[in-house]
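Asks: Could you work out the structure for the sequence below:
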Amino acid sequence: MHKSNQRGMVGFSEKQEGLVKESWEVMKHDVSNLSLRFFTLILEIAPAAKGMFSFLKDSDEIPQNNPKLKAHAVKVFKMTCESAIQLHEKGEVVVADTTLKWLGAIHLQKGVIDPHFEVVKEALLRTVKEAMGEKCSDEMSGAWADAYDHLATAIKNEMKAEASA
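Replies: Residues are numbered from 1 along each chain as shown. I've put the predicted structure just below:
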């Protein structure tokens, strides 16, 4: 297992973990629409990002029923949710070496840089907020943001390792 080196955090509470899990359970039921919304937001925030996703490159608009788009969005949501669980249980994000190496390599190959992670984070938080409506508190948004930040740090650290290998 490969560990994120984000140490000294004030702990990810059981309540934060619960908020992420609870909202993901609600969002799972509408994952097709939310996946579409998530990518629409990414491209609204950063239109140039379109070329980084092979499943969006050749189209002028986001395809409604694109299985690769949905799979990618679900992966981001699920990995962020898993990060929340790990942050609460272990105090850090632990991703299997092979998964992290693959994530590092693919993000490096696509030319992903720090601002791209921020775009995805913004789109993720806006999607959660829209999906959860009035149930989305600042605390819920903060829990998703913390979990995503730790996951992004683990991927960025692996990208640095890949680049210097």
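
Asks: Now D58: which helix or strand?
Replies: Under DSSP states H and E, no helix or strand contains D58.

Asks: just I155 next, same as before
Replies: helix 138-164.

Asks: avg pLDDT for that helix?
Replies: For helix 138-164, mean pLDDT rounds to 91.

Asks: do the same with stretch 63-76
Replies: 85.

Asks: returning to that earlier point: and the helix holding I155, what does it pack onto?
Replies: Helices and strands touching helix 138-164, by 3 or more CB pairs under 8 Å, 6 or more residues apart in numbering; DSSP states H and E, are strand 2-3, helix 14-27, helix 67-90, helix 97-109, helix 114-132. Quick note: C-beta positions are derived from backbone N, CA and C, even for glycine.

Asks: Show me what secondary structure element comes after the second one.
Replies: To tie it back to what came earlier, the one meant is helix 14-27. Helix 14-27 is succeeded, C-terminally, by helix 31-45 (DSSP H and E).

Asks: still on that earlier bit, quick one, which of the helices and strands packed on helix 138-164 is nearest to A49?
Replies: helix 114-132 (6.3 Å; CB to CB).

Asks: Of all the residues in the closest one, which ones are buried?
Replies: Using 16 or more other CB atoms under 10 Å as the test for burial, helix 114-132 gives 116-117, 119-129, 131-132.

Asks: I'd say H72 and F53 touch.
Replies: Yes. Using CB atoms under 8 Å, H72 is in contact with F53, at 7.2 Å.

Asks: neighbours around A143, how many?
Replies: The tally of other residues near A143 (other CB atoms under 10 Å) stands at 27.

Asks: Without its sequence neighbours, what residue ends up closest to it?
Replies: Once flanking residues are discounted, A143 sits nearest to Q16: 3.8 Å by CB to CB, 6 or more residues apart in numbering.

Asks: Quick check: that neighbour vs M132, distance?
Replies: 15 Å (CB to CB, to the nearest Å).

Asks: One more: K70?
Replies: For K70, the distance to M132 - CB to CB - is 19 Å.

Asks: coming back round to it: pipe the helices and strands packed on helix 138-164 into JSON lines and attach distance to D138 per row.
Replies: Listed next are the helices and strands packed on helix 138-164 as JSON lines, based on distance: least, CB to CB, whole Å:
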{"stretch": "strand 2-3", "distance to D138": "29"}
{"stretch": "helix 14-27", "distance to D138": "11"}
{"stretch": "helix 67-90", "distance to D138": "16"}
{"stretch": "helix 97-109", "distance to D138": "29"}
{"stretch": "helix 114-132", "distance to D138": "10"}
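
Asks: Noted, bye for now.
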